[in-house]
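# need coordinates for the following:
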Amino acid sequence: MKETIEILIVEDSPTQALRLKRILKEHGYEVQITPNGKEALDVISHHKPDLIISDIVMPELDGFELCQGIKKNEKWKQIPVILLTSLTDSKNVIKGLACGADNFITKPYEPKYLLSRIENILNNLKLRQTTKSSEGVEIIFEGQHYRMAAEPQQILDFLLSTYETALHQNRELSKTKEELKRLNELLEEMVDQRTAALTAEVEERKKAQAELQQSLGRLQKTMEGTIYTISFMSEIRDPYTAGHERRVCQLACAIARELGLPKEQIEGIRVASLLHDIGKISVPIEILARPGQLRDFEINIIRIHAHEGFDILKKIEFPWPVAQTVLQHHERMDGSGYPKGLSGSEIILEARILAVADVVEAMSSHRPYRPGLGIEKALEEIRRNRGVQYDAQVVDACLLLLGEKGFVFESV
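Numbers count the residues shown, from 1 in each chain. Next up is the predicted model:
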């Protein structure tokens, strides 16, 4: 990497542009500012920067259009682009992916958080340049088609950065909520003495609570869209199993409800189910899509996906044991599973539930190396290995759902 890093800021707000320039200059970066995407393209055509930080909502040419123009140009497409904006809707995350952005940071941001993102992108740039080119993938979101031409690792980095931003904001909102709760208790103790004086404050408190609930709702929507999009990662690599994670999620959550688990624990199982095969991004597509019987060494390569998924997800501070569930979902009660050969109580309940749901869906569906075996064969497998490979209570709940209660997979 060259000694001085040159960063181009594309921001139509002079105040915000100058603040960002000051932060970057203080940390040794060379900085140039342009007020819109059109002028930015002109600057890039004369001198290519090492990294671009762009606002989204701008006159002339917005951030999405600017990023798309850069990524379509063979000479410029390797320039990392960070989208910096106050927009948090999940549709904007999808649009960011579609235009090939490398990172997505919401305003307001902490300087150390922004600087950490910049450092990570620059450190990983060489690795991305040596990664084999992808043909991209097309998805449909809210009725619109989006073409994602970025590399799988770039897409994953973008989504993880977006989700980390959402978690960071969620923690800040939670702190605010706790503070509001404390103030509420204090106000309630004082209300008998100063009812008249507190009336205005109570109204303000209600307004703040309503705004907080709206913010939490928007944040939840963003997080949901991000998790849903991350779950597409394994399908990008393994198109023959399209919809597998979402069908597994349906059955796993139904089993958890049948077992009477609390709502919060079921939510953790839902998230883990949607992400349980994300580690397949590290498995060569030639193996994932290979027809016919897999060879031993190919099976061993596929088996690394559980640990790879754990390594990816352990970096995110989920409020549930998502990474551990993904790591253990191929473990078996008798110790015959992988990657660690855990047995019995060493396997967490969430992973035992996911294991049964995964086997039932996988056996009943088509795979490149074999046709679908049907639901009856899948039920025969878990019935025969009840209490041996699979948790007995989980198997009983699954059999009840698919038998007497008539559970069917919804179309995805």
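# shaky segments in the stretch 201-350 of the chain?
215-217, 219-242, 289, 292 (pLDDT under 70).
# report how many residues lie close to the closest residue to residue 183 other than its chain neighbours.
Leaving out its chain neighbours, the residue that sits closest to residue 183 by C-beta to C-beta, 6 or more residues apart in numbering is residue 205, at 7.0 Å. Where C-beta positions appear, they are placed from N, C-alpha and C, glycine not excepted. Neighbour count of residue 205, defined by other C-beta atoms under 10 Å: 15.
# quick one: what helix or strand has residue 205 in it?
If you go by DSSP states H and E, residue 205 is part of helix 195-230.
# OK, contacts around the closest residue in space to residue 55 that isn't next to it in sequence?
Excluding its sequence neighbours, the residue lying closest to residue 55 (C-beta to C-beta, 6+ apart) is residue 11, at 4.7 Å. Residues in contact with residue 11, defined by C-beta atoms under 8 Å, 6 or more residues apart in numbering, are 17, 20, 33, 35, 53, 54, 55, 58, 84.
# same list, these, but as CSV with neighbour count please.
Supplementary listing: the contacts of residue 11 in CSV, determined by neighbours: other C-beta atoms under 10 Å:
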residue, neighbour count
17, 19
20, 22
33, 17
35, 18
53, 25
54, 26
55, 25
58, 22
84, 22
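# in helices only, show me those residues.
17, 20 (DSSP state H).
# could you single out the nearest of the contacts of residue 11 to residue 361?
Ranked by distance to residue 361 (C-beta to C-beta), the contacts of residue 11 are led by residue 84 at 40.2 Å.
# check what pLDDT that closest one gets.
At residue 84, the predicted lDDT confidence score is 85.
# ok, what's across the strand from it?
Residues in a beta bridge with residue 84, per DSSP bridges, are residue 55, residue 105.
# that one against residue 54, yeah?
Yes - contact status for residue 84 versus residue 54: in contact at 6.7 Å, counting by C-beta atoms under 8 Å.
# low-scoring pLDDT stretches of the stretch 51-200 of the chain, where are they?
Using pLDDT under 70, the stretch 51-200 of the chain drops low at 87-90, 126-173, 191-198.
# what about 50?
133, 137-142, 146 (pLDDT under 50).
# where along it do the strands fall?
In the stretch 51-200 of the chain, the strands defined using DSSP state E, counting those that start in this stretch lie at 51-55, 81-85, 103-106, 137-141, 144-148.
# cool, and the stretch 201-350 of the chain?
Remark: strands of the stretch 201-350 of the chain are absent; assignment by DSSP E, counting those that start in this stretch.
# hey, where'd the helices end up in it?
232-237, 244-258, 263-275, 285-288, 296-302, 305-313, 322-328, 349-364 (DSSP state H, counting those that start in this stretch).
# ok, now how distant is the nearest residue to residue 346 once chain neighbours are set aside from residue 348?
Leaving aside its sequence neighbours, residue 346 sits nearest to residue 331 (C-beta to C-beta, 6+ apart; 7.8 Å). Applying C-beta to C-beta, to the nearest Å, the value for residue 331 to residue 348 is 9 Å.
# neighbour count winner among those two?
residue 331 (25 against 17).
# now for the more buried one: which residues touch it?
337, 338, 340, 341, 342, 343, 346, 347, 351, 355.
# how about a cut-off of 7 Å?
Residues in contact with residue 331, defined by C-beta atoms under 7 Å, 6 or more residues apart in numbering, are 337, 340, 342, 347, 351.
# phi first, then psi, for residue 27.
Listed backbone geometry of residue 27 is phi -110, psi 20, with angles given as degrees, to the nearest 10.
# report pLDDT for it.
pLDDT, read off for residue 27, is 92.
# how about the nearest residue to it, chain neighbours excluded?
residue 115 (5.9 Å).
# what's the burial count for residue 272?
30.
# what do you get for residue 85?
Residue 85: 19 surrounding residues under other C-beta under 10 Å.
# my read: it touches residue 58, true?
No - Residue 85 is beyond contact range of residue 58, at 9.9 Å (criterion: C-beta atoms under 7 Å).
# returning to that earlier point: buried subset of the contacts of residue 331, written for ChimeraX?
To isolate the buried ones among these in ChimeraX, judged by 16 or more other C-beta atoms under 10 Å, type:
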select :337,342,347,351
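# just send the contacts of residue 331 back as JSON lines, with distance to residue 383 too.
JSON lines is the format used below for the contacts of residue 331 (distance: C-beta to C-beta, whole Å):
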{"residue": "337", "distance to residue 383": "18"}
{"residue": "340", "distance to residue 383": "26"}
{"residue": "342", "distance to residue 383": "23"}
{"residue": "347", "distance to residue 383": "20"}
{"residue": "351", "distance to residue 383": "20"}
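# tell me who's in contact with residue 61.
36, 37, 38.
# scan those residues and report the most crowded one.
Neighbours here mean other C-beta under 10 Å. Within the contacts of residue 61, the largest count is held by residue 37, at 26 neighbours.
# any idea how far it lies from residue 107?
According to C-beta to C-beta, residue 37 stands 18 Å off from residue 107.
# now swap in residue 200 and tell me
In terms of C-beta to C-beta, residue 200 sits 31 Å off from residue 107.
# what's the closest residue to residue 340 other than its chain neighbours sitting at in phi/psi?
If the residues on either side of it in the chain are set aside, residue 340 comes closest to residue 331, at 6.9 Å by C-beta to C-beta, 6+ apart. The phi/psi pair for residue 331 (degrees, to the nearest 10) reads phi -80, psi 160.
# and the residue nearest to residue 373 when sequence neighbours are not counted, how many neighbours?
Once flanking residues are discounted, residue 373 sits nearest to residue 363: 4.9 Å by C-beta to C-beta, 6+ apart. The tally of other residues near residue 363 (other C-beta under 10 Å) stands at 20.
# got it, and residue 25?
Residue 25 - counted by other C-beta under 10 Å - has 12 other residues nearby.
# got it, and residue 410?
7.
# how about residue 211?
10.
# check the gap between it and residue 321 for me.
In terms of C-beta to C-beta, residue 211 sits 32 Å off from residue 321.
# try residue 268
Distance from residue 268 to residue 321, by C-beta to C-beta: 7 Å.
# find residues that contact each of the two.
residue 350.
# per-domain residue ranges of the chain.
6-155, 165-228, 239-402 (automatic domain parsing).
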